[in-house]
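Colleague: model this:
(one chain, ligands or ions: 1)
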Amino acid sequence: MNAKPNPSHDRYDAIVVGARCAGAATALRMAQQGMRVLAIDRSAYGSDTRSTHALMRPAVHLLDSWGVLDRLKEAITPTVRTTAFYYDDEVIEVPIKPSGGVDGLYAPRRTLLDASLVDAARQCGAEVLHRVSVRGLLRDTNGRVSGVTLEGESGAHRELHAPLVIGADGVRSNVAGWVEAETYQPATRRTGGFYAYFRGIDRPGYHWYFLRQTGAGALPTNDGLTLVFVAVAPERFERAARGNHAERKAAFLRILQGCDASLAAEVAGAEQVGPLYGFPVAFGFHRSCSGPGWALVGDAGYFRDPLTAHGITDAFRDAELLARAAADGSPAALASYQATRDQLSQRFARITDEVAGLAWDTERIKVLHRDMSREMKRELEHLQQLSPLEQWPDARFTRANGPTTLGPLAIAQ
Ligand SMILES: Cc1cc2nc3c(=O)[nH]c(=O)nc-3n(C[C@H](O)[C@H](O)[C@H](O)COP(=O)(O)OP(=O)(O)OC[C@H]3O[C@@H](n4cnc5c(N)ncnc54)[C@H](O)[C@@H]3O)c2cc1C
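Modeller: Numbers count the residues shown, from 1 in each chain. The predicted structure follows:
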């Protein structure tokens, strides 16, 4: 958006640091409840980020209930109607049964997904600033977080105030560092890998490969492209990531060949569109996600290895939970946000840790996938049982004219 910060207020109900899938979704849900919210991101509107982007059923359910799914469909994001799992001894194809607003799964490009969430948040009255960095937190005399300091591209600084500052600033969250959020349940295993986009691969549906100590996948996305990724142990990734572009591409194809020769042959004959991306993965963790005047959402608060492709889905889930807790405004509601997040994510994190270890045999990985499916079902049921949010009929009108929830949030001090 703007090259320098020019928000219309200097006091908000909440300031969200980061405006991608966690931050923009949180801002959207708060704005839909009539809260005055500002989201700030140092990256550009509609910019890409290093991530594959398979959405699971709970994410599609939420996008539909937020009114964002139609935007993705209008942008011709392919509907995924089957998920195929490739093991050493068999291929299991699972149909995606339409139910409750979910007609299939989707893997929208992040350029589209993140921008669509920002557009929806703005339409509901949230303010969103891009190319602006948050440089630090403000605190009141009791040490409670009470706002942020910003720096625009021109170097201009500004202070903005809010009774709640939300870190949606990713795995290396500055906000988590500034509030010294406690870290727990650290992961012990992680992967590294490569991905790229290809034209000319005709594989509708999600395809997941788990064999020979390798994970791989093919996901149909926008513009007729298919995203293909491989994930291996970090030491193997580091060896493969050395060298020039041609050497890295050759290493990517070798890993794919060792995993599934038929996918490797299709990729070798397809046109690569854009660069080959390498991704060394950080170890997973949970962090405390609420405290006096602050909260964390998305990767900032909970990170797991991307091999189980669940980070965006969890970011949406936690945005929904946090926006509800923030509207309530009480310390108890924010504490319960953390308890619910942990209750829904800790088992999934343990499963992810074992999947990312790549030390399973065929029988074990099938068990892990069944466990994952059970956890996802539990997550979806939790979201479906939430009572409908009290939504303002026209949030933009409301924000300019109606009351905000500053009262309840102020009481939380
Ligand atoms: C290789 C890879 C593949 C993945 N594949 C999948 C997948 O298939 N499916 C899935 O669901 N998940 C996947 N994930 C996980 C997913 O990408 C993350 O869970 C998701 O991006 C988390 O979103 P977020 O909004 O929390 O953080 P991010 O997307 O990291 O956004 C954080 C934002 O905060 C901004 N920011 C940071 N600090 C500041 C600051 N001080 N001031 C202003 N702005 C700031 C950054 O610019 C950034 O835009 C993958 C991840 C990786 C690395």
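
Colleague: those residues of this protein touching the ligand, which are they?
Modeller: When proximity is defined by CB under 6 Å from any ligand atom, the chain lies next to the ligand at 17-18, 20-23, 40-43, 49-54, 133-134, 168-170, 174, 279, 298-300, 306, 309-313, 315. C-beta: built from backbone N, CA, C; applies to glycine.

Colleague: so residue 108 touches residue 77, yeah?
Modeller: Yes: with contact defined as CB atoms under 8 Å, residue 108 counts as touching residue 77 (4.5 Å).

Colleague: what is in contact with the two at once?
Modeller: The contact sets of residue 108 and residue 77 overlap at 221-222 (CB atoms under 8 Å, 6 or more residues apart in numbering).

Colleague: hmm, back to that, quick check on the residues of the chain next to the ligand: which are buried?
Modeller: Burial by neighbour count, judged by 16 or more other CB atoms under 10 Å, picks out 17-18, 20-23, 40-43, 51-54, 133-134, 168-170, 174, 279, 298-300, 306, 309-313, 315 from these.

Colleague: can you list the residues that contact the helix or strand harbouring residue 85?
Modeller: Per DSSP states H and E, residue 85 falls inside strand 82-86. By CB under 8 Å, 6+ apart, the surrounding residues in contact with strand 82-86 are 91-96, 105, 204-211, 260, 369.

Colleague: which of these are buried?
Modeller: 96, 105, 205-211, 260, 369.

Colleague: relative to residue 318, how far out is the residue in the stretch 301-413 of the chain that the ligand sits nearest to?
Modeller: Per CB to the nearest ligand atom, residue 311 is where the stretch 301-413 of the chain lies closest to the ligand, at 2.0 Å. To residue 318, residue 311 is 11 Å away according to CB to CB, to the nearest Å.

Colleague: reformat the buried ones among the contacts of strand 82-86 as JSON lines; add distance to residue 242 and pLDDT.
Modeller: Formatted as JSON lines, the buried ones among the contacts of strand 82-86 follow (distance: CB to CB, whole Å; pLDDT from 0 to 100):
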{"residue": "96", "distance to residue 242": "39", "pLDDT": "96"}
{"residue": "105", "distance to residue 242": "35", "pLDDT": "98"}
{"residue": "205", "distance to residue 242": "34", "pLDDT": "97"}
{"residue": "206", "distance to residue 242": "31", "pLDDT": "98"}
{"residue": "207", "distance to residue 242": "28", "pLDDT": "98"}
{"residue": "208", "distance to residue 242": "27", "pLDDT": "98"}
{"residue": "209", "distance to residue 242": "24", "pLDDT": "98"}
{"residue": "210", "distance to residue 242": "26", "pLDDT": "97"}
{"residue": "211", "distance to residue 242": "25", "pLDDT": "93"}
{"residue": "260", "distance to residue 242": "24", "pLDDT": "94"}
{"residue": "369", "distance to residue 242": "32", "pLDDT": "98"}
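
Colleague: residues shared between the contacts of residue 311 and residue 318?
Modeller: residue 298.

Colleague: in its sheet, what does the strand holding residue 85 sit against?
Modeller: Paired strands of strand 82-86, with direction, are strand 91-95 (antiparallel), strand 206-211 (parallel) (DSSP bridges).

Colleague: residue at max distance from the center of this protein?
Modeller: In the chain, the residue that sits farthest from the middle, by CA atoms, centre = their mean, is residue 141; the gap is 34.3 Å.

Colleague: wasn't that one part of a helix?
Modeller: No: Residue 141 is assigned coil when assessed by DSSP: H, G, I helix; E, B strand; the rest coil, not a helix.

Colleague: and the residue of the stretch 101-250 of the chain found nearest the ligand, which of the three is it?
Modeller: Per CB to the nearest ligand atom, residue 170 is where the stretch 101-250 of the chain lies closest to the ligand, at 2.9 Å. Classification of residue 170 by three-state DSSP places it in coil.

Colleague: going forward, count from 3.
Modeller: With 3 as the first residue, the last one maps to residue 172.

Colleague: wait, it sits on residue 301?
Modeller: Yes: using CB under 8 Å, residue 172 is in contact with residue 301, at 5.0 Å.

Colleague: what sits against the residue of the stretch 103-252 of the chain closest to the ligand?
Modeller: By CB under 8 Å, 6+ apart, the contact set of residue 172 is 20, 22, 300-302.

Colleague: likewise for residue 306?
Modeller: 189, 286, 312-313, 316, 347, 350-351, 354-355.

Colleague: reformat those as JSON lines; add pLDDT.
Modeller: Output for the contacts of residue 306, formatted as JSON lines (pLDDT from 0 to 100):
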{"residue": "189", "pLDDT": "97"}
{"residue": "286", "pLDDT": "97"}
{"residue": "312", "pLDDT": "97"}
{"residue": "313", "pLDDT": "98"}
{"residue": "316", "pLDDT": "97"}
{"residue": "347", "pLDDT": "97"}
{"residue": "350", "pLDDT": "97"}
{"residue": "351", "pLDDT": "97"}
{"residue": "354", "pLDDT": "98"}
{"residue": "355", "pLDDT": "97"}
